[in-house]
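Engineer: here is my input, please return the structure:
(2 chains)
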There are 2 protein chains.
Amino acid sequence: MDIKAEIEKRTAEIEKVINAYLPVEENYQSRIMEAMNYSVQAGGKRLRPMLMQETYRLFGGRGQVVEPFMAAIEMIHTYSLVHDDLPAMDNDEYRRGKKTTHAMFGEAMGILAGDALLNYAYETALRAFNMSVEHIRIAKALQVLSHKAGIYGMVGGQTVDILAEQDGDLTKEKLDFIYRLKTGALIEASMVIGAILAGATKNEQKLIEQAASLVGIAFQIQDDILDVTSTMEVLGKPIGSDEKNHKVTYVTFEGLEGSKEAVERLSKEAVDCMETLVVKNEFLTGLLQYLIYRDK
Amino acid sequence: MDIKAEIEKRTAEIEKVINAYLPVEENYQSRIMEAMNYSVQAGGKRLRPMLMQETYRLFGGRGQVVEPFMAAIEMIHTYSLVHDDLPAMDNDEYRRGKKTTHAMFGEAMGILAGDALLNYAYETALRAFNMSVEHIRIAKALQVLSHKAGIYGMVGGQTVDILAEQDGDLTKEKLDFIYRLKTGALIEASMVIGAILAGATKNEQKLIEQAASLVGIAFQIQDDILDVTSTMEVLGKPIGSDEKNHKVTYVTFEGLEGSKEAVERLSKEAVDCMETLVVKNEFLTGLLQYLIYRDK
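Structural biologist: Model (predicted):
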């Protein structure tokens, strides 16, 4: 299987699903809908909804109930980027070569568009109740979504990241915590929600959560490695930017070789986790490997 | 009934409920939990949870399932204030005599604490699924919450408010829209959710929504009137601040007398709505009148 070509194909399919759940730009408040849609449509591989859908399929899921959740997790990921880019946070004017939301619509709209996307993620996911009678699965999936996106997940990780940078007191232990929450939690949510909606057992959910967590951390360490080893052409953004910004990363603590070893180890553990399962999904396995060993 | 004394008593009871749902300040991310708790505990009459609880009781509700929703609506109201106070929005350093969240914790934490409260509102409301088997009612209540808090409700109203101020193109029609969404929508959500959770019929929910909408708009117009007629001692904040800030309000369009007449008319319509219902709740009726005719 040509995994890159396959991912591109799936990305295009998922974009259609996500677009169908975006708000129509209308009425007096149309500007906020424009800002939301601009933010979501700014690009990306849609990895979180892809992981969700493939895990759903892995456990035999065949309905459409997963779709509002796929759109919701991408909205949550997007809102976190919109707020991260704000002047009071990372103060980025560009992302993936396009103007960031606040640079395009003004700072107040940047804040409101992020708020709107977060809230609309729940409004969207809640539509699942109108699509399936499996209300307990949907309720559980929503609980996982809110838990992993909030202070015990992504927002918690962002907080510690920003405070450690402000206070200059980052330790290796704290960095592990940040990677697990800031990056890992939404990847866990994606895969666990796919599993829950397809009716996976508690034990299967546990294994999926564990594998997702390992993949999320490996994904983030690979990011740090690429910032040192890649070229600007391949990465599409300046390399060495972490060092230039005095950003403490996994490479700072463990060195390049140590970081590569960590990715290797985490990847092996994730594969072991997935292989414990009776069910198989070849594309999902390839996708997880791709995420860990990607070159950009 | 001494409505003011009764409201104070209920406020104290509701604070206990809300506090029970606030996060424990612990672990690396404890600062964000501090900022959330600081924001929620900064005061207020807890009118939205109060309206929710009383509407729940009006329709015979007796369980605890309404409590996570009471906490959730107050968290959503609070997050909207935290973000409203940010430098890029209203840029307020004080609210109710206390430092605003970003003034206390820094701008980045102000943004994140608002995000965290919005997300935690859903995390909290979703706990209702563990407290009651009325899953369809809970799902419906969550749908109302997300709809009224988002782009078709509160966030939509905030957007139009900010843009009209920036562009200086506020019309009376737009102002009505802003009041209905920015202030009205969360009051509608409070009362409709109370009704849904108690098992009110579709028709009863419709009447409650209508009454709540009228009360919300009257509440906001009364705010505009008080800014002109009250004294600083009573109001606890500078009067005439709207005029000083060149803020266009209902009084600008309709004059003081016209505004008072509008409050009178909306109040009568709300009372008519409530009287159509078979069920009665004396405190709720008094509370609605108090909200409309309050002197601060």
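Engineer: show me what counts as buried in the helix or strand containing residue A:269.
Structural biologist: Per DSSP states H and E, residue A:269 falls inside helix A:250-275. If you call a residue buried by 16 or more other CB atoms under 10 Å in any protein chain shown, then helix A:250-275 has these buried ones: A:250-254, A:259-260, A:262-263, A:266-267, A:269-271, A:273-274. All C-beta atoms are positioned from the backbone trio N, CA, C, and that covers glycine.
Engineer: can you name the two of those that are farthest apart?
Structural biologist: A:252 and A:274 (30.4 Å; CB to CB).
Engineer: tell me how far stretch A:209-227 is from the chain's mean position?
Structural biologist: 11 Å (CA atoms, centre = their mean, to the nearest Å).
Engineer: tell me if it is near chain B.
Structural biologist: No - using CB under 8 Å from any CB of the partner chain, stretch A:209-227 stays clear of chain B, coming no nearer than 15.8 Å.
Engineer: show me what from the stretch 101-250 of chain A comes close to chain B.
Structural biologist: Within reach of chain B by CB under 8 Å from any CB, the stretch 101-250 of chain A has these residues: A:106-112, A:114-116, A:118-120, A:122-123, A:126, A:129, A:135-136, A:138-139, A:142-143, A:146-147, A:149-151, A:155-160, A:162-163, A:166, A:174, A:177, A:181.
Engineer: which residue ranges form the helices in the stretch 1-150 of chain A?
Structural biologist: Ranges of helices in the stretch 1-150 of chain A, per DSSP state H, counting those that start in this stretch, are A:3-21, A:30-40, A:47-58, A:66-84, A:101-105, A:107-125, A:135-149.
Engineer: pick the most buried one from those.
Structural biologist: Stretch with highest mean neighbour count among those: helix A:107-125 (a mean of 27; mean count of other CB atoms under 10 Å in any protein chain shown).
Engineer: span of stretch A:275-295 from start to end?
Structural biologist: Terminal residues of stretch A:275-295 lie 25 Å apart, using CA to CA, to the nearest Å.
Engineer: for that stretch, list every residue counted as buried.
Structural biologist: Counting neighbours by 16+ other CB under 10 Å, stretch A:275-295 gives A:277, A:281, A:283, A:284, A:285, A:286, A:287, A:288, A:290, A:291, A:292 as buried.
Engineer: contacts for stretch A:22-41 next, please.
Structural biologist: With CB atoms under 8 Å, 6 or more residues apart in numbering or on different chains as the test, stretch A:22-41 has contacts from A:18-19, A:71, A:74-75, A:78-79, A:81-82, A:101, A:104-105, A:109-110, A:112-113, A:116-117, A:120, B:151, B:155-157, B:159-160, B:163, B:174, B:177, B:181.
Engineer: at 6 Å what do you get?
Structural biologist: With contacts defined as CB atoms under 6 Å, 6 or more residues apart in numbering or on different chains, stretch A:22-41 is touched by A:78, A:82, A:101, A:105, A:109, A:112-113, A:116-117, B:151, B:156, B:159-160, B:163, B:177.
Engineer: before we move on, back to that, so which other helices or strands are in contact with the helix holding residue A:269?
Structural biologist: helix A:202-229 (3 or more CB pairs under 6 Å, 6 or more residues apart in numbering or on different chains; DSSP states H and E).
Engineer: can you give me how far the helix it packs on is from the chain middle?
Structural biologist: Using CA atoms, centre = their mean, the offset of helix A:202-229 from its chain centre is 11 Å.
Engineer: re the thing from before, which secondary structure elements does the following helix or strand past the helix holding residue A:269 contact?
Structural biologist: The helix or strand immediately downstream of helix A:250-275 is helix A:282-293, counting by DSSP H and E. On a contact count with 3+ CB pairs under 6 Å, 6+ apart, helix A:282-293 meets helix A:202-229.
Engineer: who are the packing partners of the helix it packs on?
Structural biologist: Using 3+ CB pairs under 6 Å, 6+ apart, helix A:202-229 sits against helix A:185-197, helix A:250-275, helix A:282-293.
Engineer: pick out the shakiest of the ones you listed, pLDDT-wise.
Structural biologist: Among the helices and strands packed on helix A:202-229, helix A:282-293 carries the lowest mean pLDDT, a mean of 91.
Engineer: give me the contact list for that one.
Structural biologist: Residues from elsewhere that reach helix A:282-293 (CB under 6 Å, 6+ apart): A:1, A:3, A:54, A:58, A:215, A:218, A:219, A:267.
Engineer: as JSON lines, those with distance to residue B:228 would be great.
Structural biologist: Below are those laid out as JSON lines (distance: CB to CB, whole Å):
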{"residue": "A:1", "distance to residue B:228": "71"}
{"residue": "A:3", "distance to residue B:228": "67"}
{"residue": "A:54", "distance to residue B:228": "61"}
{"residue": "A:58", "distance to residue B:228": "64"}
{"residue": "A:215", "distance to residue B:228": "60"}
{"residue": "A:218", "distance to residue B:228": "62"}
{"residue": "A:219", "distance to residue B:228": "57"}
{"residue": "A:267", "distance to residue B:228": "67"}
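Engineer: any idea which of the residues you listed is closest to residue A:96?
Structural biologist: Among these, residue A:219 lies closest to residue A:96 (CB to CB), at 17.2 Å.
Engineer: skipping its backbone neighbours, what lies nearest that closest one in space?
Structural biologist: residue A:291 (5.3 Å; CB to CB, 6 or more residues apart in numbering or on different chains).
Engineer: any idea how far residue A:77 is from the one you found?
Structural biologist: As judged by CB to CB, to the nearest Å, residue A:291 and residue A:77 stand 14 Å apart.
Engineer: do the same with residue A:133
Structural biologist: Separation of residue A:133 from residue A:77 (CB to CB): 29 Å.
Engineer: and if you look at residue A:109?
Structural biologist: 19 Å.
Engineer: same question, residue A:29
Structural biologist: Relative to residue A:77, and taking CB to CB, residue A:29 is found at 23 Å.
Engineer: lowest-scoring secondary structure element of chain A by mean pLDDT?
Structural biologist: Lowest mean confidence among the helices and strands of chain A (mean pLDDT, DSSP states H and E): helix A:232-235, at a mean of 62.
Engineer: for the helix or strand following that helix, buried residues please.
Structural biologist: Beyond helix A:232-235 on the C-terminal side, the first helix or strand identified by DSSP H and E is helix A:241-244. With burial defined by 16+ other CB under 10 Å, the residues of helix A:241-244 counted as buried are residue A:242.
Engineer: what do you get for stretch A:89-106?
Structural biologist: Neighbour count says stretch A:89-106 has A:89, A:90, A:95, A:100, A:101, A:102, A:103, A:104, A:105, A:106 buried, by 16+ other CB under 10 Å.
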